[in-house]
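> Next come a sequence and a model predicted from it.
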Amino acid sequence: MDTQTFAGKFITVEGPDGAGKTTLIQGLTKKLEAKLAVPLKLTREPGGDPIAEQIRGVILHPENVALDARAEALLYAASRRQHLMHTVIPALEAGQMVLCDRFVDSSIAYQGYGREIGEEGIIAINQFATDGRQPDLTLYLDITAEEGIRRIQANRSQSEQNRLDVEAIDFHQRVHKGYTVLKDRFPDRIQVIDARQDPESMQIQALAILEKHFPQLFL
């Protein structure tokens, strides 16, 4: 699959908790729908497919505190495989722009670094799950762990917080470190957006990045 060429483009949005991915995707979607010459497919991970959504429920349920770190990583990979084969690939084959909330970068940052499993194992299971498929472009919303958690605590009720939201600050600091390693390793694929900006500025910047990289997809 890593050598297969698709008519559509696979765009992922990444960032630590509290970076504002959901807000960015919502605003960017409206701007893209007004300017794209191809259909837009919105999806997310974990999830994006009925079976993958069931796996998401297990991963993020706040009561599943006993979930083993490696079991968690394997569940993410299983959900990703299902999502890729039944949602992402069909949309790309149909020539759509796929805008996905999280992909393999999240597993490397959260499980590889946050859970301290290490990159090697995470990369191996995701290589198996995706056949090496990478996004065509990644929009990375950069924010410190401290600011991200402050936003979560200010904007989400306790009942809205998932199992990862309530992790200790050192976990989120390691996640941020993982993302820093990835953005430095893949500077062409991973385009950085300062998440300290207001939402409209972030959306405008994201749209400009996509228009620059994929002009053939725009009117």
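Good, I have the coordinates. Numbering: from 1, shown residues only.
> and the next element down the chain from the helix or strand containing Ile51?
Take DSSP states H and E as the rule and Ile51 turns out to sit in helix 50-60. Stepping forward along the backbone from helix 50-60, the first helix or strand reached (DSSP H and E) is helix 69-83.
> so after that next one, what's the next helix or strand?
Scanning forward in sequence from helix 69-83, with DSSP H and E defining helices and strands, the next element found is helix 89-93.
> and the helix holding Ile51 with helix 69-83, angle?
Inter-element angle recorded for helix 50-60 and helix 69-83: 160 degrees (by axes from the mean of the first three to the mean of the last three CA atoms, to 10 degrees).
> isn't Arg196 right up against Arg150?
No. Contact status for Arg196 versus Arg150: not in contact, 11.9 Å apart, counting by CB atoms under 8 Å. C-betas here are computed from N, CA, C, even on glycine.
> for the record, mean pLDDT for stretch 178-186?
Within the predicted structure, the mean pLDDT of stretch 178-186 is 98.
> so how far is Gly121 from Tyr179?
Applying CB to CB, to the nearest Å, the value for Tyr179 to Gly121 is 18 Å.
> Between those two, which has more neighbouring residues?
For Tyr179 versus Gly121, neighbours defined as other CB atoms under 10 Å are more numerous around Tyr179 (25 against 14).
> what's the next secondary structure element after the least confident helix or strand in the chain by mean pLDDT?
Comparing helices and strands within the chain by mean pLDDT, DSSP states H and E singles out helix 145-155 as the least confident, with a mean of 89. Using DSSP H and E, the helix or strand that directly follows helix 145-155 along the chain is helix 169-185.
> The nearest residue to Leu210 once chain neighbours are set aside: what secondary structure?
Leaving aside its sequence neighbours, Leu210 sits nearest to Ile11 (CB to CB, 6 or more residues apart in numbering; 6.8 Å). Using DSSP: H, G, I helix; E, B strand; the rest coil, the structure places Ile11 in strand.
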